[in-house]
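Q: Okay, sequence plus prediction incoming.
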Amino acid sequence: MEFNEFCDGLDDDHIPAVVDNIIKYLELVGIVNNRKIVDGMIVPELFVGNSTPTMTIREYVEHYVTHFDCNLVCHVIAYIYMQRVIVDGVVCHNGMDMIVSQCSIHRIYCIALLIACKYVEDDVFTNTYYAQVGGITLHELNTYEVMFIQMLKYNAYVPLAVLDEHINTMTA
């Protein structure tokens, strides 16, 4: 199967199922790690803003679906990217383990989706636009984008078999 067939095969009817699966994953990771102390040590968080988000994870994902204006396959790829870099609720950047929490999971998803869009789509918005949609500054977005692509080890490629498996699981 060609990549374009995956893009064409996911239509608006699949949005609720894909969104629900992404939300379940994001909520699970965020809730499990809604702590800053592990084994008596304060663990730093990555991608955390100055304040607690006022929107729910569902509202963020639905907001991104609407405003990123990308193919649904980008959301599936962003989900795959997050599974690559988040292991047991922890991400490792430059040799330092950092937890992912409810205060950071929406930002991580935003950056994963940004990278997926840039990898898949022919036409993308500017980083200024994506920063506005994500509710973060342009400087934060640019910094997080570099950090996330480093965590992916500069490998944004997703094999078609892996993509097919995730799409089938998420839309079943």
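A: Done, it's in.

Q: on contacts alone, who are the packing partners of the one helix or strand Ile22 maps to?
A: Mapping Ile22 onto the secondary structure by DSSP states H and E places it in helix 15-32. In this structure, helix 15-32 packs against helix 57-68, helix 72-85, helix 105-120, helix 160-171, with contacts taken as 3 or more C-beta pairs under 8 Å, 6 or more residues apart in numbering; DSSP states H and E. For glycine as for every other residue, the C-beta is placed from the backbone atoms N, C-alpha and C.

Q: chain center to it, what's the gap?
A: The chain centroid and the centroid of helix 15-32 are separated by 10 Å under C-alpha atoms, centre = their mean, to the nearest Å.

Q: which residues touch Tyr64?
A: His75, Tyr109, Cys110, Leu113, Val133, Gly134 (C-beta atoms under 8 Å, 6 or more residues apart in numbering).

Q: Can I get the residues you listed in a markdown table including pLDDT?
A: Compiled in a markdown table, the contacts of Tyr64 are given as follows (pLDDT from 0 to 100):
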| residue | pLDDT |
| --- | --- |
| His75 | 94 |
| Tyr109 | 93 |
| Cys110 | 95 |
| Leu113 | 97 |
| Val133 | 95 |
| Gly134 | 92 |
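
Q: Tabulate the residues you listed (TSV), appending neighbour count.
A: TSV is the format used below for those (neighbours: other C-beta atoms under 10 Å):
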residue	neighbour count
His75	27
Tyr109	27
Cys110	27
Leu113	26
Val133	20
Gly134	24
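
Q: pLDDT below threshold where in this protein?
A: In the predicted model of the chain, residues 1-10, 30-52, 88-97 satisfy pLDDT under 70.

Q: From the centroid of it, which residue is nearest?
A: When C-alpha atoms, centre = their mean is applied to the chain, the residue found nearest the centroid is Tyr109 (2.4 Å).
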